[in-house]
Structure formats: C-alpha cells, structure tokens
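>>> sequence and computational prediction follow.
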Amino acid sequence: MNGLSLMRLRNLVATAAVAALLAGCTNDALDTAAVDLSAVKNKTEYQLSSTMSAKMSELGMQKTSPIALRIFKEEGTLEVWKANTSNRFQLLKSYKICAWSGKLGPKVKEGDRQAPEGFYPLFPQQLNPNSKYYLAINTGYPNTYDRANGRQGTHLMIHGACSSSGCYSMTDEQMIEIFAMARDAFKGGQQSVQLQAFPFRMTAENMARHRNNPNIDFWNMLKVGYDQFEVTKRPPEINVCEKKYVFNQQGSGAFNPGGTCPAMSTPPALQMAMSTFEKGYKLDYDKAMKKYDGMVWYEPSEAERKAIVAKQRAGRELAYAPTGNSIDAGKLMKASDLEKKLAEQKEAEETKLAVEIQKKELEKATKGGTHVPVPAANPIPQPVLQAAVEQQPAKKSFWSLFSKGEAAEQAQAPAPVAVAPDEQAAVQPQVQPAGAAAKQTRSAAAPQNAQPESAAMASASAEGAAAPAAEAPVAVEEPPKKRPFWKIWGN
C-alpha cells in the first residue's frame, strides 16, 4: 500500500471515528424514546431495548441498580440517573418534558396548576399501571416539607399523554421507558427513588439571572441539595426541621418538621468538598452579576410557552397539549422595560376581570327569564306597541274551564291607557316576563279578591296617566317588579 492510499485510509478511519462520536453525543442527548407501542403486549412488563442495555453495560450499571430522577422546569428536561458499580450516579438518559403547567415556582395549593418543586421520595406503590394517562408515577406531593408549610394538592404525577394540569407529562413512548427503569430498580431492592424537581439548573449564571424572582429564598434552600448532588453524585439524605429542608446533616436528636432543629453537623469529607465548590461558585456568581447588571429575566406565561410549540399539535388529538420550555419563550430585558410590560399585563388582566364580572352580573340579572330592558337606538313608538298588545287575543287560564266569574272579571278590566306621542321618548316599554305571566294566571284561583283589587288597579292606572313623563325611571337599573295575581287584568 503506497503512502497516498495509507493517508486516505487514515482519513476514512478518522471520519468514521468522528461520526461515531457525534452519534454517541446524539444518543447521550436522548430526547426521544424509540419505542413502538403497537408492538408492546404488556406495558407494565416492557423490557428496555438492547440499545439501553448496552449503554448501561458501557457505564458499569446493572439493570436493577438504583436510579434517581431530576427535573428542570425551565429547560423542560427530565433526567434519569443510575448508580454504577461504585455506587456513584451517572446520567443514563435525558428526556424532553412534553408538558408542564404553571410557571417557575413551587406548588402551594390545590388548583393553582403549579407543578411541584422540591425533593420527593417515590415508593413502589406510587407506580400506577392503570393510569388514564397511559402510565403514571405519583410524586407523593405534598411531602413532609410541603405539609409543614401548609401546602396542599393531590394527584401530582409524572405521566404520559402529554397533557398537564399541575403534573409533569411525557409522551407515552417516554413514559414506558421511565416506568420500566423505576420498576427494575425496585426489583433490585431500592427502597425509594429520589425525585429532585428544580425550577432550572442551579448554576451561578442561572441563579444570578433569577435573583429578582419572589421564590429566590426557596430556591436558595433547594440549591444546597442540588450542589451536594453535583459534588458527590449521590442523592442527598433529606430531613425537615423548622419548616426547612436540611441535607446530609447528622443530628443530635430527632428531626421535627415544624419544630426546632437539633444540633447538626456536616460530615468532614463533604464539608471540605463543598467548601472548595462554593469558592468557585462565588467567583462565577460575581461574574454573572456583572453580566446581568441592569437586566432582568422575563419569565413567560404558560400560554406564551404553548405558542412557540403550537405547530406540534397539528394533526393530533385535542388532549395533546405540549408546552415549550421557558428558555426559548422568555427573554432578558431592561428593568424599566419589564416594569412597563408587567404594568400593561396587569391592566389587561384587570380589564378582562371587569368584563367577566359584568358578564356574570348580566347573567344573574336575566336568570329565570327576567328581562333587563336596554335603551334602543330606534325604540318602537309606544302607540304602535300598545296597538300590537291590544290585538292579541286574551288567553284563558286553566281555571276558566271551571270558573264562570273569570270571563266577567276580564270584561270589567280597565282599558289600556294611551300614551301621548310627546311622552314616547321618556317612557320605555316594559316587557312582562313570560314566567311571571304564567304564574299570575295560575294564581287566579281566588276570584273573590279580584273585584276590589281590579278597581284599585283602574284608579292607579288613571293616576299614572296624569303623571308627567319626565319622571320616567331608567329601566336598566331595576328589573320590572312582578304584579300580584289580583292585578292580572290591569294594564
């Protein structure tokens, strides 16, 4: 083989090596799950693919070794970490979260649509093979910390179906793999899987970027556990006292979630490692603060996140509701610009709320058939309206079949009072509710009271005809009052 051919061969080998490396990087990202669900006969007994098994072997992991789950809301990522033979956890696979609801920040109460943040132990009984969202793992919210702080909520899951209302929702293909990895870890003897749910990767730059968020104190507390995992690559031991998380602490007594913390100490090896880590972190944070001086992060709403992935819904069922990540939908802004934007949003929300209240009031006013007259641009002339009323044949009530007095009483009813043309502009027609008329007709069963009250009605009508038109009330303010049954024949 000559020198030129040898050089070409070396180039081909190098190219192949680069391609293999790139393929490896793509597999390490592993944002999708290549699972053919139509070929799965039993979703709860699904066995991981040969590709996944090979990757575990390559990383020195057993099929049934322990796992840990990490969630990052802002990046929209769920990671599966698995213990190797030295009991240190390595990243096995990373998935894009299909949908999570709400904004960055912890869940506080039922119905706030917030997905939980914090540290949650997942036990075997929290795996739900019969979920209506394909497969599910209950997060166990509220945990000890949540309960100590009065936080409430139920049925917060990691599940399939890509539809969330306070949960972390994956695709069904992703969920069958996550479920299988948790199942295998429990079969291997793991007592509980630790779920770490964070608002974002708690790097110095991200913490500086979110420094003005109202949840920053809560996040600084979570960051202690985050940092210790980053340094040790082992899930931290969690306790709660004084309504706070404490991580990897040796206590002189029991930990009471709502009570005073016992005397605590950090293991020396961990303390030394964390001291070194924190020195480097402080330098990075100071650098990030200079970068973001005068700038603040605008966190997008759930609707704004959905807008950037709207095309993904095309051709799918309505229940499929992916949400984009906050990194792509949010942006850095000048503090003054953000203040103006938030003020505009607040004004728009207040306007929307006012419209909704007005709508509810209108619905309340018209409930049960009650009509609220509204002045029309071209009102019907009163004489024309009155004539139309007079032409309508009198309807006989049910009781007229048995009472001879009703016809006579109707004959004695006073004639309609005419309204002068110059009074038309001041007087608006009042429409008698259909339900009220029917009620009045049924109430005519006591004819002995009708005669004297009809006379009184006639007198009242005459007085009304003599009253000046300028005093006409505005009909919108109060719906017309219902007439007593004895005034059914009055106008």
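On my side now, so go ahead.
>>> K223 touches F200, doesn't it?
No. Taking contacts as C-beta atoms under 8 Å, K223 lies outside contact range of F200: 10.6 Å. Bear in mind the C-beta positions are built from the backbone N, C-alpha and C, glycine included.
>>> gap between the two ends of stretch 122-130?
Taking C-alpha to C-alpha, to the nearest Å, stretch 122-130 runs 17 Å from one end to the other.
>>> buried residues in it?
Of the residues in stretch 122-130, those buried under the neighbour-count criterion (16 or more other C-beta atoms under 10 Å) are L122, Q126, L127, N128.
>>> quick one: low-confidence ranges for the stretch 101-250 of the chain?
Residue ranges of the stretch 101-250 of the chain with pLDDT under 70: none are present.
>>> so what touches stretch 214-223?
The list of residues contacting stretch 214-223 from outside it, by C-beta atoms under 8 Å, 6 or more residues apart in numbering, reads 104-106, 117-119, 198-199, 202, 207, 210, 213, 244-245.
>>> would you format these as TSV with secondary structure included?
Output for these, formatted as TSV (DSSP: H, G, I helix; E, B strand; the rest coil):
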residue	secondary structure
L104	coil
G105	coil
P106	coil
E117	coil
G118	strand
F119	strand
F198	strand
P199	coil
M202	coil
M207	helix
H210	coil
N213	coil
K244	strand
Y245	strand
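>>> of the residues you listed, grab the buried ones for PyMOL.
Entered in PyMOL, the line below selects the buried ones among those, by 16+ other C-beta under 10 Å:
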select buried, resi 104+105+106+117+118+119+198+199+202+207+210+213+245
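>>> nearest to Y95, out of the contacts of stretch 214-223: which one, please.
Proximity of these to Y95 (C-beta to C-beta) peaks at F198, which lies at 15.3 Å.
>>> from memory Y95 sits against M170, does it?
Yes. Counting by C-beta under 8 Å, Y95 sits close enough to M170 to count as a contact (6.3 Å).
>>> so which of these two has more stuff around it?
A direct count of neighbours by other C-beta atoms under 10 Å for Y95 and M170 places M170 higher, at 29 against 23.
>>> residues contacting that one?
If you count contacts by C-beta under 8 Å, 6+ apart, M170 has them with L78, Y95, I97, C98, I158, H159, G160, C162, I178.
>>> buried ones among the residues you listed?
Applying 16+ other C-beta under 10 Å to those, the neighbour count classes L78, Y95, I97, C98, I158, H159, G160, C162, I178 as buried.
>>> keep only those of these that are in helices.
With DSSP state H as the criterion, helices contain I178 from among these.
>>> joint contacts of Y95 and M170?
Between them, Y95 and M170 have L78, I178 as joint contacts when contacts are counted by C-beta under 8 Å, 6+ apart.
>>> quick check, R151 in a helix?
No. Residue state for R151 (three-state DSSP) corresponds to coil; a helix is not indicated.
>>> how much space separates it from G118?
In this view, R151 and G118 are 10 Å apart by C-beta to C-beta, to the nearest Å.
>>> identify the contacts common to the two.
Residues touching both R151 and G118 by C-beta under 8 Å, 6+ apart: P106.
>>> thinking again about what came up before, Serialize the contacts of stretch 214-223 to a markdown table and add fields for distance to G280.
Shown next, in a markdown table, are the contacts of stretch 214-223 (distance: C-beta to C-beta, whole Å):
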| residue | distance to G280 |
| --- | --- |
| L104 | 25 |
| G105 | 28 |
| P106 | 28 |
| E117 | 25 |
| G118 | 26 |
| F119 | 24 |
| F198 | 20 |
| P199 | 22 |
| M202 | 14 |
| M207 | 14 |
| H210 | 20 |
| N213 | 24 |
| K244 | 25 |
| Y245 | 23 |
